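Trainee: Fold the following, please.
(one chain, ligands or ions: 1)
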Amino acid sequence: MQDKPHNTVLIVGCGYIGRRMAAVLQAQNIPVTGCVRSRQSAARLDSRGIHSLVVDLDRPAAKPGWAGAFDEVFYFAPPPAQGEQDPRMQAFLQALDKGMPPRRIVYISTSAVYGDCQGAWISELQPVNPATSRGQRRLHAERCLMSWCDEHGVQWTLLRVPGIYGPEKLPLARLREGTPVLREQDSPYTNRIHADDLVAVCIAAMRSTRTNTIYNVSDGHPGNMTDYFFKVADAAGLPRPPTVSRAAAQQVLSAGMLSFLQDSRRMSNAKMLDELQVAHRHCNCRSATDWTVSGRCASRDYA
Ligand SMILES: NC(=O)c1ccc[n+]([C@@H]2O[C@H](COP(=O)([O-])OP(=O)(O)OC[C@H]3O[C@@H](n4cnc5c(N)ncnc54)[C@H](OP(=O)(O)O)[C@@H]3O)[C@@H](O)[C@H]2O)c1
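Mentor: Numbers count the residues shown, from 1 in each chain. Here you go, the predicted model:
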């Protein structure tokens, strides 16, 4: 069997998080290949010294075997916007079939796989029960990945990630438009993670001796969505958005936003902190411009 180049990294879906992670790995002299769908995104990667691969996972037949020569794979591509399955993940796994399997795959999934937990604190032992098609697609992707990896002796790690915040990832346009939010007493619990802390978790998950396992990823400070919008508005010097009742929200909010407001849960990040030994640099998005640096933030401190 042909030797695989040591320490080769592929990021499938090398967008916002992928580019931030590539910068961290490049600073450690680790070469990175980023897979994107469009030539425009590929040019963006090339300009940063990230080797680019253009593959549309919705039309995968074009390049069989493209994914099969890497040691470490981070899979960050989202499922399609419709349906209850993730054919992109299936296409990626079929491409792996035609090459040499990687050592490990780290997958960014979402916390939507848990569905509504009525505000309860949940660990990774919480049964999955996605209420939205968005959550169902992710669960399908998780199951396809685990089953392929187990069959091929490839290590896997699933990261169940909630709302990502960070530079260029703030709802400023929405705030400028004055789009309403749910009044605070109706607003469900949501969880968040800063983009750079998520990058650190992804890298730690790839390097950990623990494998074939699932981590809840969060900054340990669940809050409600309305409070988040208020904090960002205050920090950005924008007016706070108007609030509406849940009934009125059905008329004025987008289907996408309503799907995010359907679930309420507080995610414990205890397993992630204990096993991956990551120290978060950002907690509780207190300021949109001067992100809080508060060291190790554990959800159990707030339980
Ligand atoms: N935003 C959140 O709060 C949140 C929460 C939990 C999980 N996540 C998930 O975290 C992951 C990383 O997020 P992100 O912000 O880095 O996402 P992002 O900036 O939107 O990047 C997604 C990447 O996937 C690529 N992609 C999309 N469709 C593809 C296809 N058919 N074939 C090949 N590549 C395709 C895109 O390529 P092009 O640029 O060429 O289109 C892009 O590089 C995503 O899966 C996201 O859904 C996000």
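
Trainee: Quick one: mean pLDDT for the host helix or strand of residue 21?
Mentor: Residue 21 is part of helix 16-27, with elements assigned from DSSP states H and E. Mean pLDDT, taken over the full extent of helix 16-27, equals 97.

Trainee: From the rest of the structure, what touches that helix?
Mentor: For helix 16-27, the surrounding residues in contact (C-beta atoms under 8 Å, 6 or more residues apart in numbering) are 9, 11, 14, 32, 34, 44-45, 48-50, 74, 76, 108, 164, 168-169, 195-196, 198-200, 202-203. For glycine as for every other residue, the C-beta is placed from the backbone atoms N, C-alpha and C.

Trainee: Go through stretch 109-127 and flag the buried ones.
Mentor: 109-117, 121-122, 124, 126 (16 or more other C-beta atoms under 10 Å).

Trainee: swap in stretch 76-86?
Mentor: Applying a neighbour-count criterion of 16+ other C-beta under 10 Å, one finds 76, 77, 79, 85, 86 buried in stretch 76-86.

Trainee: mind checking the end-to-end distance for that stretch?
Mentor: 13 Å (C-alpha to C-alpha, to the nearest Å).

Trainee: for whatever residue of the chain ends up closest to the ligand, what are its contacts?
Mentor: When you check the chain against the ligand by C-beta to the nearest ligand atom, the closest residue turns out to be residue 15, at 1.9 Å. With contact taken as C-beta under 8 Å, 6+ apart, residue 15 is in contact with 36, 41, 76.

Trainee: Quick check: phi and psi on the residue nearest to the second one when sequence neighbours are not counted?
Mentor: In space, and not counting its chain neighbours, residue 41 is closest to residue 15: 7.2 Å by C-beta to C-beta, 6 or more residues apart in numbering. Recorded main-chain torsions at residue 15 are phi -100, psi -130, according to degrees, to the nearest 10.

Trainee: which intervals of the stretch 101-250 of the chain have sub-threshold pLDDT?
Mentor: Applying pLDDT under 70 to the stretch 101-250 of the chain flags no residue at all.
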